[in-house]
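[1] Build me a model:
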Amino acid sequence: MDTKLKKLAVTFAIMAVLLSCTSANMKIAFSNDTGGKIDLFTQKEPYSGKGPNMPSDAFGPGEEVQIYALVTYNEEPVQNLPVAFEILGPKDHVDYRTVFTNEKGIATISFRISHLNDTTFGEWTVIGNTKIGDLTFQDLVMFRVGWIVEIVSIETNQEKFTRGSYVGIELVLRNIAMTEKKITVAGAIYDCLNIPLNSTEIEDFELQPDDEVPVYCFLYIPKSARVGEAIARACVYTAPVSLGGVPYCPEVSKRFLIEVRAAPAAWGIPRGLLALLFLLAVFIGACLVATTVFALLWMRERKKKGQMGRQPTCPEVKPCKEVGFKTSKTCSACGKEFPRAYTFCPYCFTFHGKDYE
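    Numbering: from 1, shown residues only. Down below sits the predicted model:
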């Protein structure tokens, strides 16, 4: 028999023995700190799936998946031990591999995710089995396959636009990775002849792990745009294209109409403009209140000054009735009369006193 055929036969025999260990009539031991242990993980640091039944970070189309199985006994690596790998993907995808551990106790397999068929998208599980003595040890690692960063949807703020207006584009982005991704979002619009009208880039946009967020951009339609059906296109890149960025996912597009007549807006004003209008309204209201208060105070002061400048009306003085009081004195020395205001007789200078009658 040919040497290659012999090796192939031995490999399948080992695989059959190891896979049969997972049946109900065999004992499967899960890894502990002591005794036998197997740990499956990938190359996706820091979330590689190290540890019992731990998940790994996601993989994208066309990416190579490297699966490592570390086999130890009492924390020491075990060499030349066969490990059976069972690869379970979506759409009933199943594959089997058998590899021996090296001097470090590691058995390695690898395969590449197809980028031509999205049937590989979804949840994957790789199970590893090995036998130490009479016990079979098992571990698994799980990971997602899909576009690492994807544009889930694209919408325009209305269906019809006029030349000289702005097209509002809403993109919903999703990150399936376990780590933050810094991306560049690029958008552009084209007229009915596929002539570029305008474009924009949002650089260094941070998309959090396992997150889904909207992103907005506004593109001006020049007066030279042709009337008819136009299209908006968008894509997500690892970096600006001018700096060598490559796309994370396929391009998405949305059709809209450029017409002569004005089209009513379908959904609202940008948040920044709304905030500016609100602040302007608050400022105008404050000015009106201040003007009103100032006018009232000015009118009050003017009224006070008017009252102070007006001549006061004197009360009517009524003449006093004549009283029969004596207004003169008679000198006892010379016998002449003189006004009561004098205490001396102006004629003979005789002193009469103030109480003299």
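
[2] which residue sits closest to residue 259, ignoring its sequence neighbours?
    Nearest in space to residue 259, with sequence neighbours left out and distances taken as Cβ to Cβ, 6 or more residues apart in numbering, is residue 160 at 5.4 Å. C-beta: built from backbone N, CA, C; applies to glycine.

[3] Provide a list of residues in contact with that neighbour.
    256, 257, 258, 259, 263 (Cβ atoms under 8 Å, 6 or more residues apart in numbering).

[4] was I right about the fourth one contacting residue 162?
    Yes. Judged on Cβ atoms under 8 Å, residue 259 makes contact with residue 162 at a distance of 6.3 Å.

[5] Just give the number of residues close to residue 138.
    The tally of other residues near residue 138 (other Cβ atoms under 10 Å) stands at 20.

[6] and it, how far is that from residue 293?
    Residue 138 sits 81 Å away from residue 293 when distances are taken as Cβ to Cβ, to the nearest Å.

[7] can you list contacts of the stretch of helix or strand residue 107 belongs to?
    Assigned by DSSP states H and E, residue 107 belongs to strand 106-112. Contacts to strand 106-112, defined as Cβ under 8 Å, 6+ apart, come from residues 62-71, 77, 81-83, 85, 87, 95, 97, 99-101, 128.

[8] re earlier: okay, the contacts of residue 160 in TSV with secondary structure, distance to residue 286 and pLDDT next?
    Below are those laid out as TSV (DSSP: H, G, I helix; E, B strand; the rest coil; distance: Cβ to Cβ, whole Å; pLDDT from 0 to 100):
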residue	secondary structure	distance to residue 286	pLDDT
256	strand	41	97
257	strand	43	97
258	strand	42	96
259	strand	42	93
263	coil	36	48
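
[9] Neighbour count for those - can I get that in a markdown table?
    Rendered in a markdown table, the data for the contacts of residue 160 read as follows (neighbours: other Cβ atoms under 10 Å):
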| residue | neighbour count |
| --- | --- |
| 256 | 20 |
| 257 | 16 |
| 258 | 22 |
| 259 | 14 |
| 263 | 15 |
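
[10] Of those, which is the nearest to residue 224?
    residue 258 (11.1 Å; Cβ to Cβ).

[11] Distance of the closest one relative to residue 107?
    61 Å.

[12] coming back round to it: weed out the non-buried ones from the contacts of strand 106-112.
    65, 67-71, 81-83, 85, 87, 97, 99, 101, 128 (16 or more other Cβ atoms under 10 Å).

[13] how many other residues sit next to residue 280?
    10.

[14] Give me the distance from the one helix or strand it maps to to the chain's centre.
    Here residue 280 sits within helix 271-309, counting by DSSP H and E. Distance of helix 271-309 from the chain centroid (Cα atoms, centre = their mean, to the nearest Å) equals 38 Å.
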